[in-house]
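Visitor: Kindly return the folded structure for what I paste below:
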Amino acid sequence: MKTFTALLMAALLATAAHAEPLRYFGQTEQSYQSHTNYGNNAASGRYAVSDGSKIYYEVYGQGKPIVVLHGGMVGSTAEMGEFIDRLRPQRQVIAISTRGHGKSESGKVLPTYAQKAKDTAAVLRQLGISQADFLGFSDGAYTALQFAADYPTQSGKIIAIGAGEWKRGFIQGGAKERASFAVLQKLDPAYWAQQQTIRPNPQHTAQWVTQQNAAYNQTEFGAETFSRVQSPVLLVVGEDDQNAPLDTVIAAYKMLPNADLAVIPNTPHPTFAVNFPAVWASVEPFLNR
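Guide: The predicted model follows:
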């Protein structure tokens, strides 16, 4: 019986190790694809509990800790693969699937940035990490900035890609209303079909999107938050970013006490997906300085 159980476990682990790699939203054949299945890697995946919800994260490498945070709603750890691949040879990378994304539970609390920062603190507490650097994109960038404001002693350097001043009621991309799950599904059906296979409660995805939109409707990022960020911050923005327009990022740059600014020419919101070398040329020296 013990032999049969051992063989069964070995078979299950082998299956998990060879699981279909997660695609990220908008991925094409030309997009970067890591050899590691970020966001669904049984070998390195763990959970921390925050306010009753299980938050999924993966740990790679050794060295000074850096937290990597993906974009929101349609974001996933997989989209941050090229960053993780570059960082893990010298750093301990903690890649978090934020509340409601990927394998993390959404829970009943409103998924505000303060809540996501609190979730991140729970992950670091479980790992016994007293301070970490942060690299976040879009939603992840705002979470990193919120964390730096709320947990200043635990925050090292902050790299915030595609995040700027956010006035209450702002809707990214110039849309008149926030997208429902039905609308998001149509934008990349293959992405959502795969995500639904790893989400802990796929039947509640539409409800989570509504819940997340409610949090966004209450969001405001301005001087009150930025003035509390004492960490060194590198703001990175695509010149043609419609979700965090250049003028809002420059406004945030002026509000932050200790900030640098990198504008990547002729690139949209996911600037690193279009011109990773240019983004990395700003990120690497900032981290090593």
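
Visitor: Return the backbone torsion pair for the most centrally placed residue in the chain.
Guide: Closest residue to the average C-alpha location of the chain: H70 at 1.8 Å, with C-alpha atoms, centre = their mean. Main-chain dihedrals, H70, degrees, to the nearest 10: phi -80, psi -180.

Visitor: Next: A144.
Guide: phi -60, psi -40.

Visitor: the helices in this structure, which residues?
Guide: For the chain, the helices defined by DSSP state H occupy 2-17, 81-87, 113-127, 139-150, 181-187, 189-198, 205-218, 223-226, 246-255, 271-274, 276-288.

Visitor: among the ones you listed, which is nearest Q30?
Guide: For Q30, the closest of the helices of the chain is helix 271-274, at 10.1 Å, according to C-beta to C-beta. (Each C-beta comes from the backbone N, C-alpha and C, glycine too.)

Visitor: How about stretch 196-215, which residues are buried there?
Guide: Judged by neighbour count (16 or more other C-beta atoms under 10 Å), stretch 196-215 contains these buried residues: 198-199, 205, 208-209, 211-213, 215.

Visitor: Tabulate those (a markdown table), appending distance to V49 and pLDDT.
Guide: Listed next are the buried residues of stretch 196-215 as a markdown table, based on distance: C-beta to C-beta, whole Å; pLDDT from 0 to 100:
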| residue | distance to V49 | pLDDT |
| --- | --- | --- |
| I198 | 19 | 97 |
| R199 | 18 | 97 |
| T205 | 21 | 97 |
| W208 | 18 | 96 |
| V209 | 23 | 97 |
| Q211 | 19 | 96 |
| Q212 | 20 | 97 |
| N213 | 25 | 97 |
| A215 | 20 | 96 |
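
Visitor: From those residues, pick the one nearest S180.
Guide: Taking C-beta to C-beta as the measure, S180 lies nearest V209 of these, at 6.4 Å.

Visitor: I'd assumed H101 was in contact with that closest one.
Guide: No: if you go by C-beta atoms under 8 Å, V209 and H101 don't touch, sitting 11.1 Å apart.

Visitor: What pLDDT is listed against the residue nearest to the centre of the chain?
Guide: With respect to pLDDT, H70 has a value of 98.

Visitor: What distance do you get for L124 to A132?
Guide: Noted for L124: a distance of 6 Å to A132, by C-beta to C-beta, to the nearest Å.

Visitor: should've said V236
Guide: Taken as C-beta to C-beta, the span from V236 to A132 is 19 Å.

Visitor: Looking at those two, which one has more neighbours?
Guide: For V236 and A132, the more surrounded residue by other C-beta atoms under 10 Å is V236, and the numbers stand at 27 against 24.

Visitor: Looks like that one contacts A262 (just checking).
Guide: Yes: in this structure, V236 is within contact of A262 by C-beta under 8 Å, at 4.8 Å.

Visitor: shared neighbours, these two?
Guide: Both V236 and A262 are in contact with 279, 282, where contact means C-beta atoms under 8 Å, 6 or more residues apart in numbering.

Visitor: Output the below-cut-off pLDDT ranges for the chain.
Guide: Scanning the chain for pLDDT under 70 picks out 1-19.

Visitor: how about a cut-off of 80?
Guide: Low-confidence segments of the chain (pLDDT under 80): 1-20.

Visitor: tell me the contacts of the residue nearest to N266 when sequence neighbours are not counted?
Guide: Of all residues not flanking N266 in the chain, E239 sits nearest, at 5.9 Å (C-beta to C-beta, 6 or more residues apart in numbering). Going by C-beta under 8 Å, 6+ apart, E239 touches 246, 263-267.
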